[in-house]
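Q: Structure for this input, please:
(one chain, ligands or ions: 2)
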Amino acid sequence: MLGNELKYTGFAAIIGAPNSGKSTFLNTVVRSKISIVTPKAQTTRNKIRGVYSKDDTQIVFTDTPGITSTDLGKLLNNWMNRYSFSAAKESDITLFFVDISTQHPETGIGPEEKHILDNLKSRTPTILVANKCDIVKKMRADDTIAVYKKHFKFDAAYSISASDGTGIPELIEGIKKFLQPGPQLFPEDMTTDQDDSFLVSEIIREKLFMELTQELPYHTVITIDRMTDHKSKNILLIDATIHVARKSQKSIVIGSKGTTLGKIGRKARLELEKIYGCQVGLKLFVRIEENWFDKERLLKKVGFEKDFDR
Ligand SMILES: Nc1nc2c(ncn2[C@@H]2O[C@H](COP(=O)(O)OP(=O)(O)OP(=O)(O)O)[C@@H](O)[C@H]2O)c(=O)[nH]1
Ligand SMILES: [Mg+2]
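A: Ligands and ions are numbered 1, 2, ... in the order given. Purely as a prediction, here's the structure:
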């Protein structure tokens, strides 16, 4: 019941370099796909909240964009980095994710990881989460963790595999040690507070990231123009626009005879039908919004909020 007193409650920020498995972890821990995952770096662009509820515990996790020291020229990247640092500041506990398969004890801390730790001003307890332990030898993971612990005063460290779930129960127990009793904030069956149009736009963006190569996906953003739920006919009708930054990109997104756009639309529709358990009619449009990622007015127009300290 909402408002019930629970033994362990609190907010946990998930931060780390791009591709370290933050979104995969969020989906595994809340047992539902709420944050999109691709093999490409810088997939997540917003703060995405996922709620873990079990027995006497409720933890509100915030997935964040991977923090990177490169490519800060784009206003969007700058905002993304600031979303992540601000999430750490606002939380009760920070989980610092490292893709352990990209690290080696002999070469020390990676440059991206070092950049984040050196700039992490949160005074909240910080846990080192060595992820992807399914693809590295235990000894190498343990030795790398030791190197990290020497560099930064972590309050605890855990090895996990976000994709197969190994180590997650132990990590949850570890997080609980830093939480306080408090009222239940979300119903047990609620896994996220994001609205449907955001989820739909993210699913389309995931397919776009998978379909387009190189830099192009980073130059796109999706807006949902219309979502109509015809409950009587069991069909959900969605109109969405893919905004691109340049004229030349429009024809690539559409593809010859519309094949690329068709593929993106089909894959997104199939997944949305699974999520909503009904038929989905999805119409995709492509529109040029010159260099949208570099202009504050356009970032706001395509749905980004400036929700961090100035
Ligand atoms: N083997 C293995 N792969 C993983 C694990 N966790 C994530 N991955 C893979 O790593 C890639 C990146 O995962 P994401 O969850 O999108 O990473 P992220 O940290 O959210 O990335 P950004 O949103 O770009 O910052 C995907 O291809 C995942 O399938 C893991 O525990 N083991
Ligand atoms: Mg992500």
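Q: Which strands or helices does the longest helix belonging to the chain pack on?
A: Secondary structure assigned by DSSP state H gives helix 259-276 as the longest helix of the chain. On a contact count with 3 or more CB pairs under 8 Å, 6 or more residues apart in numbering; DSSP states H and E, helix 259-276 meets helix 196-211, strand 235-244, helix 247-254, strand 279-288. No exception for glycine: its C-beta is placed from N, CA and C like everyone else's.
Q: Contacts made by that helix with the rest, please.
A: Applying CB atoms under 8 Å, 6 or more residues apart in numbering, the contact partners of helix 259-276 are 33, 199-200, 203-204, 206-208, 210-212, 236, 238, 242, 252-255, 279-284, 286.
Q: can you pull out the helices in this structure?
A: Under DSSP H, the chain gives helices at 22-30, 75-90, 111-119, 138-151, 168-176, 196-211, 247-254, 259-276, 296-301.
Q: The helices and strands packed on helix 259-276 into TSV, with extra columns for distance to residue 135?
A: Output for the helices and strands packed on helix 259-276, formatted as TSV (distance: least, CB to CB, whole Å):
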stretch	distance to residue 135
helix 196-211	21
strand 235-244	34
helix 247-254	33
strand 279-288	35
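Q: Show me the one of these that comes nearest ligand 2.
A: helix 196-211 (10.3 Å; CB to the ion).
Q: Residue 3: how many residues sit nearby?
A: Residues lying near residue 3 (other CB atoms under 10 Å) number 8.
Q: what do you get for the one 3 residues further on?
A: Summarising burial for residue 6: neighbours were counted as other CB under 10 Å, giving 19.
Q: The one 5 residues further on now?
A: Using other CB under 10 Å, residue 11 is surrounded by 18 other residues.
Q: Please tell me the pLDDT value assigned to it.
A: Note on residue 11: pLDDT of 97.
Q: now do the one 3 residues further on
A: On pLDDT, residue 14 comes in at 98.
Q: And residue 123, by the same measure?
A: pLDDT recorded at residue 123 is 78.
Q: do the same with the one 10 residues further on
A: The predicted structure scores residue 133 at 97 on the pLDDT scale.
Q: gap between the closest residue to it other than its chain neighbours and ligand 2?
A: Nearest non-adjacent residue to residue 133, counting by CB to CB, 6 or more residues apart in numbering: residue 159, 4.3 Å away. Using CB to the ion, to the nearest Å, residue 159 is found at 20 Å from ligand 2.
Q: Same check on residue 167?
A: Distance from residue 167 to ligand 2, by CB to the ion: 19 Å.
Q: Now for that residue, how many residues are close by?
A: By other CB under 10 Å, neighbour count at residue 167 equals 19.
Q: any idea how far residue 85 lies from ligand 1?
A: 14 Å (CB to the nearest ligand atom, to the nearest Å).
Q: Just give the number of residues close to that residue.
A: Residues near residue 85, counting by other CB under 10 Å, number 21.
Q: For residue 89, give me its contacts.
A: Counted by CB under 8 Å, 6+ apart, residue 89 has contacts 121-122, 124.
Q: The residue nearest to residue 133 and residue 39, how far apart?
A: According to CB to CB, to the nearest Å, residue 159 stands 22 Å off from residue 39.
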